[in-house]
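Peer 1: turn this into a structure:
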Amino acid sequence: MNFAQRQRDPRKHLTGIAAVILFHGFIVYALVTGLAKKVVDVVRAPIETKVIEEIKKPPPPPEIVVPPPPKLEAPPPPFIPPPEVQIATPPPPQPTITAVTPTPPPAPVVIAPAPPPVVAAPAPPPPAAPVVASAGVVCPGYQEKVKEAGFPREANRAGLTRGEALIEFTVGPGGEIKNVKVVQQTHPIFGRYSAKAVEEVKCVGQGHDVAGVRIPFVYRFD
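Peer 2: From the prediction side, this is the model:
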């Protein structure tokens, strides 16, 4: 059904007419029963009006103007008179007697002969340095003494099983041993023991000091 056919439906027109009739009937009923009069009475009721005045704040107190403090000027400095300076006049100079002494003639210049040149004495020659040689040259039997030394008992008691030491000394002109010192050591026990063993080594004198002779010691406890 299209829109034109729906507009032509008589049922819709009857519904609208019925609604209009009911509205007008309601108005007539209201006029008859006095509903309109009650509405007029409500409108005519006295209306109470109140005028509210605005509360005005009191004016602020007038400002008190404080006069400025008077300017205090410093008093003028007191007058101090300048001190009087008295200048003493110097006394007149006394007459002095001056005497002129003649200068003596210069003394004659004496020319002394020049001293003879000083000849410095020749410096003594430096001492000859000791000859350095190996232990096998000046001490041919040192290896036997090293083997005879054996293992030190003190090292055995200390729990040491191996050790080494290097002893250096000087052989005198007659073969005597001096200036014994320990160069290297794994333990002080081996150093002391080796130094005593070197004193028993027999060396051959060379007619002069032979320094820097070294003997190594190697100890093993078997």
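Peer 1: start and end of stretch 64-78, how far apart?
Peer 2: End-to-end span of stretch 64-78 (Cα to Cα, to the nearest Å): 41 Å.
Peer 1: hmm, residue 170 is touching residue 181, no?
Peer 2: No - counting by Cβ atoms under 8 Å, residue 170 does not reach residue 181; the two are 9.6 Å apart. For the C-beta atoms, the positions are set from N, CA and C on the backbone; glycine is no exception.
Peer 1: helix or strand with the lowest mean pLDDT in this protein?
Peer 2: Every helix and strand of the chain was ranked by mean pLDDT, DSSP states H and E. The lowest is strand 131-132, at a mean of 52.
Peer 1: what are the buried residues along whichever helix or strand comes after it?
Peer 2: Scanning forward in sequence from strand 131-132 by DSSP states H and E, the next helix or strand is helix 135-138. Residues of helix 135-138 classed as buried: 135, 138 (neighbour count, 16 or more other Cβ atoms under 10 Å).
Peer 1: avg pLDDT for helix 135-138?
Peer 2: Mean pLDDT, computed over helix 135-138, is 83.
Peer 1: which strands and helices lie in contact with that helix?
Peer 2: Using 3 or more Cβ pairs under 8 Å, 6 or more residues apart in numbering; DSSP states H and E, the elements in contact with helix 135-138 are strand 210-220.
Peer 1: in its sheet, what does the strand it packs on sit against?
Peer 2: Here strand 210-220 has these sheet partners by DSSP bridges: strand 131-132 (parallel), strand 162-171 (antiparallel).
Peer 1: make CSV out of those strands and add distance to residue 199 and mean neighbour count.
Peer 2: Conversion of those to CSV gives the following (distance: least, Cβ to Cβ, whole Å; neighbours: other Cβ atoms under 10 Å):
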stretch, distance to residue 199, mean neighbour count
strand 131-132, 20, 13
strand 162-171, 9, 20
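Peer 1: which of these sits closest to residue 58?
Peer 2: strand 162-171 (119.4 Å; Cβ to Cβ).
Peer 1: next helix or strand past that closest one?
Peer 2: Strand 162-171 is succeeded, C-terminally, by strand 177-185 (DSSP H and E).
Peer 1: list the buried residues for that following strand?
Peer 2: 177, 182, 185.
Peer 1: ok, so of those residues, who is nearest residue 155?
Peer 2: Comparing the buried residues of strand 177-185 against residue 155 with Cβ to Cβ places residue 185 closest, at 11.4 Å.
Peer 1: beta partners for that closest one?
Peer 2: residue 165.
Peer 1: residue contacts, residue 142?
Peer 2: 135-136, 201, 203, 215 (Cβ atoms under 8 Å, 6 or more residues apart in numbering).
Peer 1: and with 7 Å instead?
Peer 2: For residue 142, the contact set (Cβ atoms under 7 Å, 6 or more residues apart in numbering) comprises 135, 201, 215.
Peer 1: hang on, the first one packs against residue 212?
Peer 2: Read it as residue 135. No - if you go by Cβ atoms under 7 Å, residue 135 and residue 212 don't touch, sitting 10.0 Å apart.
Peer 1: how much space between residue 19 and residue 33?
Peer 2: Using Cβ to Cβ, to the nearest Å, we find residue 19 at a distance of 22 Å from residue 33.
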